[in-house]
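Peer 1: generate coordinates for the sequence data below:
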Amino acid sequence: MRIGRNESKEAWVNNQFGQPQEKTSAAQSNLARALSGKYQFNLKSVFLRSNDLVRQYLWVLLPACFLVIAAVMLVAVMMVQSMNITDVTQISPATQGMMDVVLILLMAPLVTGLMMMGVHCARRERLRALDLFRYLPLILPLALAQLLISILTQFGLALLVLPGLYVFMASVFTLPLIADKRLPVSQALLLSCRVVNKYLGYFVVVFLSFAALFLLSVVTLGLALIWIVPLYYTTLGTLYEDLFGNGEPPSSQPAAAEDESRFDA
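Peer 2: Below you'll find the model as predicted:
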């Protein structure tokens, strides 16, 4: 959603954060409902809708996931070779920090691309595998947000583990909010945390469920990841659209168009 010419970013954020307004637009209704605690969090419905989206868009989501994995592996190999690293256990803190920054710069827009592909799936929009790279122009704010989240998560894990896990979970919608609504980093992070806090117990169940699925995928020698990884991103996309999107949350009934789900790279 784009901010109108006569409405400042600050006013839009105030409205989105649940400030009273005589005429709430359709684009604000889901967020207002979420912040007031009135969203009906139905885990079964969320997973059923997300699973249906995987069936419709698998051959678009799967190449995008492989592209991200391949890009990370390629950059990691290039950095190891360029720095003449022979033993990864002997990497200095400065080198490790530089490698982390490079990976964050690479991963932030690509992860955002995957998450937004999940959002566009939830909106039943046409997708291409190359939509993964749509948010490269936003690399600086996205990388800054990812770096901030990474630092806070690592700091929390170093303290008592649970604070770090909370930051990871509560900040999950930060990148899509920056990409979709063009919010500043701090406002996107705060808004993500506020909404997740309203339904914290449900989000704990969602993330624990995926942690169990990723562990169980070992039994299939990783083959189950072909379905689990796209399911993870369609689930996040479904929740994002329910909590931050336009109008009423969609029903669990599939409304797919066959031509939208084909691979069109």
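
Peer 1: from here on, just use CA atoms for contacts and neighbour counts.
Peer 2: Fine.

Peer 1: surely Ala179 and Leu138 touch.
Peer 2: Yes - using CA atoms under 8 Å, Ala179 makes contact with Leu138 at a distance of 7.4 Å.

Peer 1: between these two, which is the more surrounded one?
Peer 2: Ala179 (23 against 15; other CA atoms under 10 Å).

Peer 1: give me the distance between the more buried one and Arg134.
Peer 2: 10 Å (CA to CA, to the nearest Å).

Peer 1: next one: Asp52
Peer 2: Taking CA to CA as the measure, Asp52 falls 24 Å from Arg134.

Peer 1: mind checking which of the two has more residues around it?
Peer 2: Asp52 (20 against 16).

Peer 1: for the helix or strand where Ile69 lies, give the mean pLDDT please.
Peer 2: Secondary structure from DSSP states H and E places Ile69 in helix 43-82. What helix 43-82 shows for mean pLDDT is 90.

Peer 1: which strands and helices sit next to it?
Peer 2: Other helices and strands packing on helix 43-82, by 3 or more CA pairs under 8 Å, 6 or more residues apart in numbering; DSSP states H and E, are helix 93-122, helix 225-244.

Peer 1: redo that, cut-off 7 Å
Peer 2: Helices and strands touching helix 43-82, by 3 or more CA pairs under 7 Å, 6 or more residues apart in numbering; DSSP states H and E, are helix 225-244.

Peer 1: now the angle from the helix it packs on to helix 93-122?
Peer 2: 70 degrees (axes from the mean of the first three to the mean of the last three CA atoms, to 10 degrees).

Peer 1: list the buried ones in helix 225-244?
Peer 2: Within helix 225-244, the residues that qualify as buried are 225, 227-244, counting by 16 or more other CA atoms under 10 Å.

Peer 1: chain center to that helix, what's the gap?
Peer 2: 8 Å (CA atoms, centre = their mean, to the nearest Å).

Peer 1: what's the answer for stretch 189-209, then?
Peer 2: With CA atoms, centre = their mean, you get 13 Å for stretch 189-209.

Peer 1: tell me the mean pLDDT for it?
Peer 2: 96.

Peer 1: list the contacts of the helix or strand encompassing Val195.
Peer 2: Here Val195, judged by DSSP H and E, is contained in helix 185-198. For helix 185-198, the external contacting residues (CA atoms under 7 Å, 6 or more residues apart in numbering) are Ala34, Leu35, Gly37, Pro141, Ala145, Ala170, Ser171, Val172, Phe173, Thr174, Leu177, Ile178.

Peer 1: what count of nearby residues applies to the spatially closest residue to the second one that is not a sequence neighbour?
Peer 2: Translated: Leu35. Of all residues not flanking Leu35 in the chain, Val195 sits nearest, at 5.9 Å (CA to CA, 6 or more residues apart in numbering). Neighbours of Val195 under the rule other CA under 10 Å: 22.
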